[in-house]
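Student: sequence plus predicted model, see below.
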Amino acid sequence: MDEREMMTYGKGNVFAYRTFMEPVVASRQIPESSFKERDNTVFGIDVTVEVGGKEFLSSFTEGDNSKVVATDSMKNFIQRHLATFPGTTAEQFVHYVAHAFLEHYAHIETVKMTADLLPFEATVTTENDEPKISDLVYKKSRNEKLKASIHMERREGAIASVQQMSELTDLQLIKVKDNSFVGFIRDEYTTLPEDGNRPLFIYLNIGWTYEPGGEEEDGFVAHEQVKDIASTVFHETASPSIQSLIYHIGLRMLQRFPSLKDVRFESQNRTWDTVVEQVPDSEGKVYTEPRLPYGFQRFQVTRADLENERQSANIGVEESHR
Ligand SMILES: O=c1[nH]c(=O)c2[nH]c(=O)[nH]c2[nH]1
């Protein structure tokens, strides 16, 4: 048995676009989001595939290419499978193609596949002198990224899903007031003043995994709904810290979507530095980009957290107000 931990190869930046796919429809309506469907007139993805298996050892150690699927062929495999893909989401696509890889190449043992969705947003045109949404022209979004990834393996002859994750990354949110950061340790290293009302600019990566089978049909969580939950909870919460804020975003996601198993956060504090404290006749201030370094948090929120909160009645109280 080979002891090494790393032996894979693959292809990155496999771009594929398909036009006129069926839309992604929200599995449920939630109070935080007006999201109903994602128009898939242009479905664009940037895929990374990484395959592994002991049969590949000789390609590294002996220059034997007899078992090598050229990464160029992997690219073709992914792109051509977009034509036959029967689903609508990036989550379904990575599952479909990773499974097909393992079916087609019997010596491949593991496949990791990630798809970054390239969102194309609505634009406006005119009909009878009135503005209306175009069904022909779309704007490629430069904002947050929508991702889906899967890790599949061959196990005793069957193809099994080992790990699956959806992600919304590079979400950048500013709340202009009503955030505090006080009560932290004050010692000989502390120079940061307490702040009872700071603006808070955060970068967020939010990842979520489903309970087994949860992503199917009625359990699917659209990235747009996650984005809207994040901004809603930020708006509603007078946050004492980013740590507390992301915990509450995670709780809300688990509360709204029973299909989710857990939620993972990577946050960064990118709060602007103040340049002018007092703008005349205004509560506004002038800020500039913060100086490095930046602070970050990484935290996973689980169903057990939601259960604890329910038992201490916090969530129950919240729910009765909705
Ligand atoms: O929300 C915050 N959490 C921290 O842990 C921290 N540390 C810091 O200097 N500023 C902040 N802000």
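Tutor: Here it is on my side, so go on. Owing to the predicted nature of the structure, the values given are computational and were not obtained by experimental measurement. Residues are numbered from 1 along each chain as shown.
Student: what packs against the helix or strand in which residue 202 is found?
Tutor: Using DSSP states H and E, residue 202 maps to strand 195-210. Contacts defined by 3 or more CB pairs under 8 Å, 6 or more residues apart in numbering; DSSP states H and E place strand 195-210 against strand 158-181, helix 223-236, helix 242-256, strand 260-269. Glycine gets a C-beta too; all of them are placed from N, C-alpha and C.
Student: can you tell me what sits against the shortest one?
Tutor: The set of residues external to strand 260-269 that reach it, using CB atoms under 8 Å, 6 or more residues apart in numbering, is 165, 200-211, 214, 221, 242, 245-246, 249-250, 253-254, 294-303.
Student: show me which of these neighbour the ligand.
Tutor: When CB under 6 Å from any ligand atom is applied, the members of the contacts of strand 260-269 adjacent to the ligand are 242, 295.
Student: and the buried ones among the contacts of strand 260-269, selectable in PyMOL?
Tutor: Those of the contacts of strand 260-269 that count as buried under 16 or more other CB atoms under 10 Å are selected in PyMOL with:
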select buried, resi 165+200+201+202+203+204+205+206+207+208+209+210+214+221+242+245+246+249+250+253+254+297+301
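Student: okay, and the beta partners of the residue lying closest to residue 247 once chain neighbours are set aside?
Tutor: Closest residue to residue 247 apart from its sequence neighbours, by CB to CB, 6 or more residues apart in numbering: residue 301 at 6.1 Å. Counting by DSSP bridges, residue 301 is bridged to residue 263.
Student: so who does residue 301 touch?
Tutor: By CB under 8 Å, 6+ apart, the contact list for residue 301 reads 246-247, 250-251, 253-254, 262-265.
Student: okay, now the one residue in the stretch 1-150 of the chain that gets nearest to the ligand: neighbour count?
Tutor: The ligand sits closest to residue 144 of the stretch 1-150 of the chain, with a gap of 20.5 Å, by CB to the nearest ligand atom. Close neighbours of residue 144, defined as other CB atoms under 10 Å, add up to 21.
Student: skip the chain neighbours and tell me the closest residue to it.
Tutor: residue 171 (4.4 Å).
Student: pretty sure the one you found is touching residue 205, no?
Tutor: Yes - the pair residue 171 / residue 205 is scored as a contact, 7.5 Å apart, by CB atoms under 8 Å.
Student: please report how far residue 158 lies from the ligand.
Tutor: 45 Å (CB to the nearest ligand atom, to the nearest Å).
Student: report how many residues lie close to that residue.
Tutor: 8.
Student: show me the contacts for it.
Tutor: Counting by CB under 8 Å, 6+ apart, there are no residues that residue 158 touches.
Student: need the pLDDT of it.
Tutor: According to the prediction, residue 158 has pLDDT 94.
Student: again with residue 212
Tutor: The predicted local confidence for residue 212 is 87.
Student: near the ligand, which residues of the stretch 101-250 of the chain? Just list them.
Tutor: Residues of the stretch 101-250 of the chain lying near the ligand (CB under 6 Å from any ligand atom): 181, 192, 241-243.
Student: quick check: residue 76 is in a helix.
Tutor: Yes - with DSSP: H, G, I helix; E, B strand; the rest coil as the criterion, residue 76 is located in a helix.
Student: could you measure from it over to residue 16?
Tutor: The spacing between residue 76 and residue 16, counted by CB to CB, to the nearest Å, is 10 Å.
Student: which of the two has more neighbours?
Tutor: Using other CB under 10 Å as the criterion, residue 76 and residue 16 rank with residue 16 on top: 21 against 12.
Student: sheet partners, orientation included, of the host helix or strand of that one?
Tutor: If you go by DSSP H and E, residue 16 is part of strand 8-19. The pairing partners recorded for strand 8-19 under DSSP bridges are strand 42-52 (antiparallel).
Student: what stretches of this structure score poorly on pLDDT?
Tutor: The chain contains residues with pLDDT under 70 at 1, 217, 314-322.
Student: who's in contact with the closest residue to the ligand within the stretch 51-200 of the chain?
Tutor: Per CB to the nearest ligand atom, residue 181 is where the stretch 51-200 of the chain lies closest to the ligand, at 4.6 Å. Neighbour list for residue 181: 194-195, 198, 240-241 [criterion: CB under 8 Å, 6+ apart].
Student: for the strand holding residue 16, which residues meet the burial criterion?
Tutor: So for strand 8-19, counting by 16+ other CB under 10 Å, buried means 10-11, 14, 16, 18.
Student: what's the closest of these to residue 309?
Tutor: Comparing the buried residues of strand 8-19 against residue 309 with CB to CB picks out residue 10 as the nearest, at 40.8 Å.
Student: residues touching the closest one, list them.
Tutor: 48-51, 71, 74, 112.
Student: with residue 66 instead?
Tutor: Residue 66 neighbours (CB under 8 Å, 6+ apart): residue 58.
Student: now the one 3 residues further on
Tutor: Residues in contact with residue 69, defined by CB under 8 Å, 6+ apart, are 51, 105, 108.
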